[in-house]
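Q: how would this look folded up:
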Amino acid sequence: MNWSGLETLISGVNKYSTVFGRIWLSVVFVFRVMVFVVAAQRVWGDESKDFVCNTKQPGCNNVCYDHSFPISHIRLWALQLIFVTCPSLLVVAHVKYREEKDKKYVANHEGTHLYANPGKKRGGLWWTYLLSLVFKILIDATFLYILHYIYKGYDLPRLVKCSLDPCPNTVDCFISRPTEKKIFMQFMVISSVLCIFMCICELVYLIGKRIMKKLTMTQDHPESCKRVDPTRSSNQSLSSRKSKETKLDKTAI
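A: So this is what the prediction gives:
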């Protein structure tokens, strides 16, 4: 998998992100992608060959390995990294859409721009960015739950007992380098939790900033925030119109 191409694509959203978003991107590509590519893949390798059971019954090793590892940690983390970076593409796509829309507007309206800054988080882009953060949190949390559910916690036992067919009886199976794999697994879990925390901080920051902006506008221009009764304005205009008509009638008489 070409992770450098994905990094180049996702890095485009870095200029539209807040400080928390830039930290999130650094954590993803330094502590997750780099560790995954450089170290984790080599530590796991071909796990089925290193999974040894104390029996020579044909097929017993394969059945016990499939029961102990329903899905490989490496493949699960690869899926997690792909899915968790996809929401950032929504922001990039929305900005590109704004830029193309602005170009068409400039061409049709003699140089006037529709967006002063297409990458500024206002209107629909603000909601797209907010939804991307929610998706990142949900994806990371879902994969952490799947990892915890499949492997009964974030731990790797040194000894696995298996009594499935075609094993003749309860056999002992051994995982290669369980301590080293456990360290890497816990490292990936901690980095995922850190990414979730950074997304929550960015979510709170964006919503808090929006609320503070609304409150500031309310304090600076309280009259602009008051709701105007449309029926009252229409009645006033109607009464003024009637008074003008009566005055015209009197002058005509």
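Q: just the strands in the stretch 1-150 of the chain please.
A: With strands called from DSSP state E, counting those that start in this stretch, the stretch 1-150 of the chain shows them at 52-53.
Q: so which residues of it form helices?
A: For the stretch 1-150 of the chain, helices defined by DSSP state H, counting those that start in this stretch occupy the ranges 3-10, 19-26, 34-35, 41-44, 47-50, 60-68, 73-108, 124-150.
Q: please identify which of those helices is closest to residue 171.
A: Residue 171 lies closest, by Cβ to Cβ, to one member of these: helix 60-68, at 6.4 Å. The C-beta positions use only the backbone N, C-alpha and C, and glycine is treated the same way.
Q: and that closest one, what does it pack onto?
A: helix 47-50, strand 52-53, strand 159-162, strand 171-174 (3 or more Cβ pairs under 8 Å, 6 or more residues apart in numbering; DSSP states H and E).
Q: compute the inter-axis angle for that helix and helix 124-150.
A: Angle of helix 60-68 versus helix 124-150, following axes from the mean of the first three to the mean of the last three Cα atoms, to 10 degrees, is 130 degrees.
Q: which one of the helices and strands packed on helix 60-68 lies nearest to residue 106?
A: Closest among the helices and strands packed on helix 60-68, once you apply Cβ to Cβ, is helix 47-50, at 56.7 Å.
Q: what about the closest residue to residue 143 other than its chain neighbours, distance to residue 190?
A: Nearest non-adjacent residue to residue 143, counting by Cβ to Cβ, 6 or more residues apart in numbering: residue 80, 4.2 Å away. Separation of residue 80 from residue 190 (Cβ to Cβ, to the nearest Å): 14 Å.
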